[in-house]
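>>> Test case, fold it:
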Amino acid sequence: MFSARVPNDLRPNSLTRLLAARRAAGLEVLDLTESNPTRAGLNYPSEEILASLSNPASLSYDPQPAGLLLAREAVAEYYAARAIPISPADLLLTASTSEGYALLFKLLCDPGDEILTPRPSYPLFEHLAALEGVRVAQYPLRYDGAWRIDFEALSSAVTPRTRAIALVNPNNPTGSFLKHDELAALDRLCATHSLALLSDEVFSDYAFSPDAHRAETAAGARESLTFVLSGLSKVAGLPQMKLGWIAVQGPSNLRQPAFDRLEWIADAYLSASAPVQCAAPDLLRLGREIRASIARRAARNAGAARQLFSGGSPFRVLNCEGGWYSVIEAPRIRTEEDWTLELLHHGTLVQPGYFFDFDREAYLVVSGLAKEEIFDEGLARLARLA
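Residues are numbered from 1 along each chain as shown. Take a look at the predicted model:
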């Protein structure tokens, strides 16, 4: 009766079951998986955010497939403040980055075509692709003190059915940024094989320190058709506002036909709401301080993890350049699942590496959004389990 694009087995995993049982029993849980900034105890300018949603223009329905011009201009100004020139004419608004992927898969792929995605990385790629009848093949990131794309493996993974290469910059959860030489190599590879480049840059504002070798964005002059994705969820710490965007970049002979077709697809959905589009200039302005608060906490917690697990600790914190997460390599005296279950029995929730497709054991992923005292106590409990 049901489509093969949705899973048959929706039973919760062992970690989810234990978490539900613990919460039902009223037992303490220190959550080091928090991904929702609105629940992280940060200060939000609540009155100003609510006032931004009272724009009278929201009462008038003006369906624009690419999004309202004032909102696209506000997004372009956000990029201009980072010295990234993106024209409002190259921006298409969506309800979220996830919807952005869905539109791009529709644009680029026929059923059975494939997208190359990084491993380890964001675990939602496979689900979003499956819902569009698209296959996901993975290319590895290698770690030798820093994360790098394995270009030999990536090139070998390209097939006649490959339509695009996706990247997350910085990567989630490794926090590794793309470097200029890597971006140039990706651009050449995509141009050679007539592939699109999809660059998810939702965490790009959250670098811990400057680096001249870092490619902060794939926007700009490219040989290949390039799509840059981001949104208010991370840029302004406002996931509930449901506004994302796609910046279409690349050669003009590809960029405009791609944008026209993308706009045609978006016209079938018109999913970005008028109130949030009208509020976008204010929300992006207010988001600067929210973003700064998130960045301070994420950087502080990443530093605390490195300090705790330095020296002779059996745990190792992998090098992280930014983002919201830290990756901890644990002793292989337990599997990742056993580590997470045992730690949850001690009242602390972390994520196992296999959630993000790490190719070997044993890695644990923790969120830097957690309050400092929760973060420190949660990691102290982990340290005591070694």
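>>> burial of the residue nearest to Ala207 when sequence neighbours are not counted, as a residue count?
In this structure, Ala207 finds its nearest non-sequential neighbour in Gly322, 4.0 Å apart by C-beta to C-beta, 6 or more residues apart in numbering. (Each C-beta comes from the backbone N, C-alpha and C, glycine too.) Neighbour count of Gly322, defined by other C-beta atoms under 10 Å: 26.
>>> Gly322 against Phe177, yeah?
Yes. Taking contacts as C-beta atoms under 8 Å, Gly322 lies within contact range of Phe177: 6.5 Å.
>>> Next, show the common contact partners of these two.
The contact sets of Gly322 and Phe177 overlap at 170, 207 (C-beta atoms under 8 Å, 6 or more residues apart in numbering).
>>> If Tyr325 is in a bridge, with which residues?
With DSSP bridges applied, Tyr325 shows beta-bridge pairing to Ser367.
>>> tell me the contacts of it?
Residues in contact with Tyr325, defined by C-beta under 8 Å, 6+ apart, are 172-175, 365-368.
>>> Are there helices or strands packed against the longest strand along the chain, and which ones?
If you go by DSSP state E, the chain has its longest strand at strand 135-143. On a contact count with 3 or more C-beta pairs under 8 Å, 6 or more residues apart in numbering; DSSP states H and E, strand 135-143 meets strand 114-119, helix 125-131, strand 147-149, helix 151-157.
>>> Contacts for it, please.
Contacts of strand 135-143 (C-beta under 8 Å, 6+ apart): 112-121, 125-126, 129-130, 147-150, 153-154, 157, 159, 161-162, 165, 171, 174, 176, 318-319, 357, 359.
>>> Mind jotting down where the strands sit in this structure?
30-31, 91-94, 114-119, 135-143, 147-149, 162-168, 196-200, 226-231, 244-249, 316-317, 325-329, 348-349, 351-352, 363-367.
>>> Which strands border the second one, and is each parallel or antiparallel?
When you say that, I think you mean strand 91-94. strand 244-249 (antiparallel).
>>> In contact with the nearest residue to Pro281 once chain neighbours are set aside, which residues?
Of all residues not flanking Pro281 in the chain, Ala74 sits nearest, at 4.0 Å (C-beta to C-beta, 6+ apart). Applying C-beta under 8 Å, 6+ apart, one finds that Ala74 lies in contact with 280-281, 284.
>>> Let me know the pLDDT of Ala74.
Per-residue confidence for Ala74 comes out at a pLDDT of 98.
>>> That one and Glu47: what is the separation?
20 Å (C-beta to C-beta, to the nearest Å).
>>> Which residues are in contact with the nearest residue to Ala191 once chain neighbours are set aside?
Excluding the flanking residues, the one nearest Ala191 by C-beta to C-beta, 6+ apart is Glu223, at 3.9 Å. If you count contacts by C-beta under 8 Å, 6+ apart, Glu223 has them with 187-188, 190-191, 250-251.
>>> residue ranges of the helices in the stretch 251-386 of the chain, please?
Using DSSP state H, counting those that start in this stretch, the helices of the stretch 251-386 of the chain run over 252-267, 274-308, 336-345, 372-384.
>>> Perfect, that will be all.
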